[in-house]
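Asker: what follows is a protein structure lacking sequence information:
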């Protein structure tokens, strides 16, 4: 998915400084160390733009592991919003992770891939040196509902060749709750999809009033993104489209559904990302000059990004927004801290 904001923030993310800061009204739990990250609404382009809820990056936390971008959208009535139609647009220095709960999206990219994104199926695209792609909801789609996630690539792999992978994870029964592990390892299930740093990504479904205790890697920090119903993480309520963040140091993760209907959450994890990165629009680089170069190359049709074949929209390529009249402002993660069991 593209970041279609016309004046996107220019962010320097990664590394750590000082003690964890808190957002007003969102203090850390004194017992668990959990912090709740609130989303902000962003229009996804067009006069009838469907709106997405962006929870990463936030001022108080830029990344969770290498996860650097998280959009939650829907359930969205396509007849009202017009659905999704994102023209070919570029990416660098990251992997895009598409995960749907409802609907269907047609994906085309400059690797030559032409695929459908369906509920419970992972589509992962590696940008690395450069890639471009388009995303269009299919005509049969009446409701769109899902998440779009980005993973920052480490410096050693930032110029990795473009790639596309599709994977259908098995549903794992957790004794009432269930999980689909689309990246990394959890509950004895392992995803075969290649990543460039230690990561975890899984969909968790909890029955009404149910809960689960998950064995997790103590080296990881974790974020639990609640879908349309609140969940409790380590005993703390996390509202829909919010992320409950937990620092490294835990070997068990408790997630519960306090409501009377089944609830869903997306679990994200990874080792703290120590490198500084620069994010602007759809690019991840290491400096302001990187971003300037990527934008210029996209504008002149550089071979860095390749071409998308078969997109039928009115706009052949999504133009890059104007650069801000400023150099990047430092914005780093706070120190991850240590969380106990």
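Answerer: Everything's here; your move. All figures in this text were calculated on a predicted structure; none of them were measured in a lab. Numbering: from 1, shown residues only.
Asker: residue contacts, the nearest residue to residue 194 once chain neighbours are set aside?
Answerer: Nearest non-adjacent residue to residue 194, counting by C-beta to C-beta, 6 or more residues apart in numbering: residue 165, 7.3 Å away. Heads up, the C-betas are built off the backbone N, CA and C, glycines and all. Shown in contact with residue 165 (C-beta atoms under 8 Å, 6 or more residues apart in numbering): 122-126, 193-194.
Asker: cool, residue 87 as well?
Answerer: Residue 87 makes contacts with 134, 311, 313, 315-318, as judged by C-beta under 8 Å, 6+ apart.
Asker: by neighbours, which of those wins?
Answerer: Of all the contacts of residue 87, the highest neighbour tally under other C-beta atoms under 10 Å goes to residue 134, namely 27 neighbours.
Asker: any idea which helix or strand in this protein has the lowest mean pLDDT?
Answerer: When each helix and strand of the chain is scored by mean pLDDT, DSSP states H and E, strand 16-17 comes last, with a mean of 44.
Asker: residue boundaries of the helices in the chain?
Answerer: 78-81, 288-299 (DSSP state H).
Asker: deepest of those, which one?
Answerer: helix 288-299 (a mean of 17; mean count of other C-beta atoms under 10 Å).
Asker: from the contact counts, what lies against that helix?
Answerer: strand 277-280, strand 283-285 (3 or more C-beta pairs under 8 Å, 6 or more residues apart in numbering; DSSP states H and E).
Asker: and the gap between the closest residue to residue 264 other than its chain neighbours and residue 200?
Answerer: The shortest distance from residue 264 to any non-neighbouring residue, by C-beta to C-beta, 6+ apart, is to residue 227 (4.1 Å). Distance of residue 227 to residue 200, given as C-beta to C-beta, to the nearest Å: 18 Å.
Asker: show me which of the two is the more surrounded one.
Answerer: residue 200 (25 against 22).
Asker: surely that one meets residue 220?
Answerer: Yes - Residue 200 lies in contact with residue 220 (C-beta atoms under 8 Å); the separation is 6.4 Å.
Asker: common neighbours of these two, please.
Answerer: What both residue 200 and residue 220 touch, as defined by C-beta under 8 Å, 6+ apart, is the set 65, 269-270.
Asker: among these, name the ones in strands.
Answerer: 269-270 (DSSP state E).
Asker: tally of neighbours for residue 153?
Answerer: 25.
Asker: measure it to residue 114 for me?
Answerer: Using C-beta to C-beta, residue 153 is found at 24 Å from residue 114.
Asker: equivalent analysis for residue 62, please.
Answerer: Here the criterion is C-beta to C-beta. By it, residue 62 lies 33 Å from residue 114.
Asker: do the same with residue 138
Answerer: Residue 138 is 13 Å from residue 114, by C-beta to C-beta.
Asker: what sits in contact with each of those two?
Answerer: Counting by C-beta under 8 Å, 6+ apart, the shared contacts of residue 138 and residue 114 are residue 106.
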